[in-house]
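Q: fold the stuff below for me.
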Amino acid sequence: MPYATAARYDQAKKERFYLLYQTQAVAAAEVVSVTLNKDCNLVRITITAGIATCRLRNAAATTVFDTTASASSPVSIMVGTNTNVLEITCQAAATLTISQMAVWGEFASAPLAGGSAPSDWVRPADWLVMPAVGSGEQKFVGLFAVTNDASNYLALMFAGNYNVDWGDGTNENVAANVRAEKLYDYATIPAATESSRGYRQVLVTVTPQAAQNLTSINLQQRHSRFASGFRNTAWLDITLNGANFTSLTIGGDALALLASLERVNIQTVGTLTSVYSLFRECRSLQSIPLFNTASVTNFAVMYFGCSAAQIFPTHNTSSGTNFSFMYSGCTSAQTFPTLNTSLGTNFLSMYQNCTSAQTFPTLNTAAGNDFSAMYANCTGAKTFPPINTASGTSFASMYANCTSAQTFPTLNTAAGTSFSAMYFNCPAAQIFPTLNTAAGTTFVSMYDACVSGASVGITGSRFAISFANMKLSRQAIAAIFTGLGTASGAQTVTVTGNHGVPDLTAADLLIATNKGWTVAS
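A: Numbering: from 1, shown residues only. Got it, this is the predicted structure:
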């Protein structure tokens with residue numbers, strides 16, 4: 001393999017090497033068996049139609065991993081070396097592509113400074129194998145952990161009369177929109193299902209009753225044993241498929257907390273218009289699917305609190321209008337996908353508390369009106385992308401507590417009314433951009449705790465504002481006075497605690513007082 005320079009070769013040694021790349025036409029029900037290259041430790045499978053069942057077998061022909069790939073969701077599998085055979089069963093005529101790779105050291109996308117490269121999730125080898133779900137089936141399969149105590153309560157609800165196989169030898173028919181519930185007894189679950197993590201396992205399967213369709217799933221259900229509060233519901237791995245699904249409720253923190261869920265595989269769904277709170281507080285979630293979101297308008301809170309996830313899929317968000325809290329609290333992610341947000345109006349807290357992120361994508365936010373706390377508490381980022389905020393009215397806490405940020409983009413804030421705490425506690429920034437604040441009415445704590453701020457540009461402010469305890473010279477303070485608009489009634493501009501205050505002249509003060517301002521210095 002030629003490389004232009006020795007340095008490029010050294011870099012390539014750290015990247016993904018393609019050992020074998022094969023693509024072929026397959027017939028429906030055809031089985032493709034591939035002996036993996038002895039150096040392969042990552043294989044990626046893509047299929048252009050239908051579902052492909054992918055089984056990884058060891059030298060003894062024992063299945064050690066079982067998953068599925070679909071046209072909308074290719075799959076990557078981390079494998080051991082030397083002894084693996086990959087068996088792929090294709091349910092429809094399609095083109096199949098198998099990429100065998102060897103990964104040394106780091107991923108092709110180098111880690112950002114101060115961090116490590118995001119890693120592919122590896123399914124625990126001693127988890128029960130998830131059964132394949134066909135492209136035409138309506139089915140939910142969930143792997144559930146049963147611990148050695150009396151806390152193994154489970155409740156769920158589906159629309160469409162449904163059957164639940166609880167995975168312990170019992171099953172029941174349940175009417176649509178009626179809660180089904182179970183209390184598992186650890187002692188009755190086969191010891192052979194024991195995981196090295198200390199729990200036993202069951203596979204819960206939900207299917208429609210005869211002549212019925214499953215149209216919604218709701219895992220946010222409280223067992224009747226409890227009158228209030230929420231409990232951790234120990235789902236580990238979920239696969240669902242159904243062309244009639246129009247509502248998915250999985251994550252949340254009001255009734256059930258899915259803090260143990262590590263993978264979700266959503267294959268085919270119907271027309272979804274909302275994924276609100278879909279994976280909320282799924283704190284262990286690391287393997288996330290790409291599924292049909294073309295008609296979704298509400299992406300709010302979708303990944304809120306997914307603190308273990310490092311990589312997010314690039315969803316089709318072309319219809320999206322609400323992106324508030326979408327990734328809030330995703331503390332392990334270093335980067336986020338570039339989304340089509342051209343229709344987006346609400347970006348409230350979209351990336352709030354994403355403390356590991358050092359860069360953010362540039363989004364089309366031309367229609368956005370609420371940018372409050374959009375990047376608040378993003379303590380790892382030093383810079384932020386320029387975005388179109390011409391329609392924005394609220395910028396409150398937009399960059400609050402961005403303690404590493406050294407610079408901020410210039411924004412169009414001509415329509416902005418709320419600027420409270422916009423830059424609160426940004427101690428590393430020395431220069432703040434010039435903003436048009438003529439329409440602003442609230443500026444409480446806008447620059448509080450910005451102790452390194454030596455230059456601040458605002459134009460047109462008419463209501464009380466403070467620049468206290470910054471690093472402003474006499475010239476910088478005079479420039480602020482010049483930028484002020486005419487005070488709306490009795491208003492105070494506060495500049496106390498700046499080293500340039502003793503040098504202010506009477507002429508400097510008149511710049512502000514002649515516009516009706518009281519200067520607190």
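Q: can you tell me the element the closest residue in space to Pro427 that isn't next to it in sequence falls in?
A: In space, Pro427 comes closest to Val451 once its chain neighbours are excluded; the distance is 5.0 Å by Cβ to Cβ, 6 or more residues apart in numbering. C-beta: built from backbone N, CA, C; applies to glycine. Using DSSP states H and E, Val451 maps to neither a helix nor a strand.
Q: check Val451 and give its pLDDT.
A: At Val451, the pLDDT value in this model is 98.
Q: same thing with Trp121?
A: So, for Trp121, pLDDT stands at 89.
Q: give me the three-state assignment for it.
A: Put simply, Trp121 is coil when judged by DSSP: H, G, I helix; E, B strand; the rest coil.
Q: same question, Ser461
A: When the rule is three-state DSSP, Ser461 gets the label coil.
Q: wait, it touches Ala438, no?
A: Yes - assessed by Cβ atoms under 8 Å, Ser461 is found in contact with Ala438 at 7.3 Å.
Q: between the two, what contacts are shared?
A: Gly485 (Cβ atoms under 8 Å, 6 or more residues apart in numbering).
Q: that older thread, contact partners for the residue nearest to Pro427?
A: 427, 469-471.
Q: just those residues: which are in helices?
A: Secondary structure defined by DSSP state H assigns none of the contacts of Val451 to helices.
Q: may I see the PyMOL selection of the buried members of those residues?
A: Selection of buried members from these for PyMOL, criterion 16 or more other Cβ atoms under 10 Å:
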select buried, resi 469+470+471
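Q: adding distance to Asn322 and pLDDT, write the contacts of Val451 out as JSON lines.
A: Output for these, formatted as JSON lines (distance: Cβ to Cβ, whole Å; pLDDT from 0 to 100):
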{"residue": "Pro427", "distance to Asn322": "32", "pLDDT": "97"}
{"residue": "Asn469", "distance to Asn322": "37", "pLDDT": "98"}
{"residue": "Met470", "distance to Asn322": "36", "pLDDT": "98"}
{"residue": "Lys471", "distance to Asn322": "39", "pLDDT": "98"}
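Q: I'd like the contacts of Val451 as TSV, with distance to Val146 appended.
A: Conversion of the contacts of Val451 to TSV gives the following (distance: Cβ to Cβ, whole Å):
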residue	distance to Val146
Pro427	49
Asn469	57
Met470	58
Lys471	59
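Q: which one of the contacts of Val451 is nearest Trp517?
A: Set against Trp517, the nearest of the contacts of Val451 by Cβ to Cβ is Met470 (17.7 Å).
Q: how about the nearest residue to the closest one, chain neighbours excluded?
A: Leaving aside its sequence neighbours, Met470 is closest to Gly453 (4.2 Å, by Cβ to Cβ, 6+ apart).
Q: burial measure for that neighbour, as a count.
A: Other residues near Gly453 come to 23 when the count uses other Cβ atoms under 10 Å.
Q: again with Gly485
A: 18.
Q: related to what we said a few turns ago, more neighbours: which of Ser461 and Ala438?
A: Ser461 (27 against 15).
Q: nearest residue to the more buried one other than its sequence neighbours?
A: Using Cβ to Cβ, 6+ apart, the closest residue to Ser461 is Thr437 (4.5 Å).
Q: who are the contact partners of that neighbour?
A: Counted by Cβ under 8 Å, 6+ apart, Thr437 has contacts 413, 416, 419, 443, 458-461.
Q: same check on Ala415?
A: Counting by Cβ under 8 Å, 6+ apart, Ala415 has contacts 390-393, 439.
Q: now with 10 Å, please.
A: Each residue near Ala415 by Cβ atoms under 10 Å, 6 or more residues apart in numbering is listed here: 369, 389-394, 436, 438-440.
Q: buried ones among these?
A: 369, 389, 391-394, 436, 439-440.
Q: so what's Asn152 up against?
A: Counted by Cβ under 10 Å, 6+ apart, Asn152 has contacts 144-146, 182-186, 189, 199-200, 202, 233-234.
Q: quick check, nearest of those residues to Gly329?
A: The closest of the contacts of Asn152, once distances to Gly329 are taken by Cβ to Cβ, is Thr233, at 19.3 Å.
Q: so what pLDDT did the closest one get?
A: Reported pLDDT for Thr233: 95.
Q: can you count the residues close to the residue nearest to it when sequence neighbours are not counted?
A: Nearest residue to Thr233 in three dimensions, chain neighbours excluded: Ala256, at 4.3 Å (Cβ to Cβ, 6+ apart). By the measure other Cβ under 10 Å, the count of residues near Ala256 is 26.
Q: ok, Ala256 touching Arg179?
A: No - between Ala256 and Arg179 there is no contact under Cβ atoms under 10 Å: 11.5 Å.
Q: now do the strands in the stretch 51-200 of the chain.
A: 51-57, 63-70, 75-78, 85-90, 94-103, 139-146, 153-159, 162-165, 171-174, 180-183, 200-208 (DSSP state E, counting those that start in this stretch).
Q: those strands: lowest mean pLDDT?
A: Among the strands of the stretch 51-200 of the chain, strand 75-78 scores lowest, with a mean of 60.
Q: hey, where'd the helices end up in the stretch 251-400 of the chain?
A: With DSSP state H, counting those that start in this stretch, there are no helices along the stretch 251-400 of the chain.
Q: shaky segments in it?
A: Low-confidence segments of the stretch 251-400 of the chain, defined by pLDDT under 70, are absent.
Q: on that earlier part again, for the residue nearest to Ser461, grab phi and psi.
A: Here is the backbone geometry of Thr437 (degrees, to the nearest 10): phi -120, psi 20.
Q: related to what we said a few turns ago, now, which of the contacts of Ala415 lie within strands?
A: For the contacts of Ala415, the ones inside strands are Asn436, with DSSP state E as the criterion.
Q: export the contacts of Ala415 as TSV, with columns for distance to Ala49.
A: Below are these laid out as TSV (distance: Cβ to Cβ, whole Å):
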residue	distance to Ala49
Asn369	41
Thr389	42
Ala390	43
Ser391	42
Gly392	43
Thr393	46
Ser394	46
Asn436	53
Ala438	57
Ala439	53
Gly440	55
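Q: helix or strand right after the top helix by length along the chain?
A: Scanning the chain for the longest helix, with DSSP H as the assignment, gives helix 474-483. The element immediately downstream of helix 474-483 (helix or strand, assigned by DSSP H and E) is strand 491-494.
Q: which helices and strands does that following strand pack with?
A: Packed against strand 491-494 by the contact rule (3 or more Cβ pairs under 10 Å, 6 or more residues apart in numbering; DSSP states H and E) you find strand 465-466, helix 474-483, helix 506-513, strand 517-520.
Q: and the residue lying closest to Phe226 once chain neighbours are set aside, how close does it get to Val146?
A: Distance criterion Cβ to Cβ, 6+ apart; nearest residue to Phe226, sequence neighbours excluded, is Tyr153 at 7.6 Å. For Tyr153, the distance to Val146 (Cβ to Cβ, to the nearest Å) stands at 11 Å.
Q: domain assignment for this protein?
A: Listed domain ranges for the chain are 16-103, 381-521 (source: automatic domain parsing).
Q: looking at those domains, which is closest to Leu285?
A: Using Cβ to Cβ, those put domain 16-103 closest to Leu285, at 15.2 Å.
Q: may I see the buried residues of stretch 218-225?
A: Counting neighbours by 16+ other Cβ under 10 Å, stretch 218-225 gives 218-223 as buried.
Q: thinking again about what came up before, can I have the buried ones of the contacts of Thr437 as a ChimeraX selection?
A: To isolate the buried ones among the contacts of Thr437 in ChimeraX, judged by 16+ other Cβ under 10 Å, type:
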select :413,416,419,443,458,460,461
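Q: right, I'll call it a day here.
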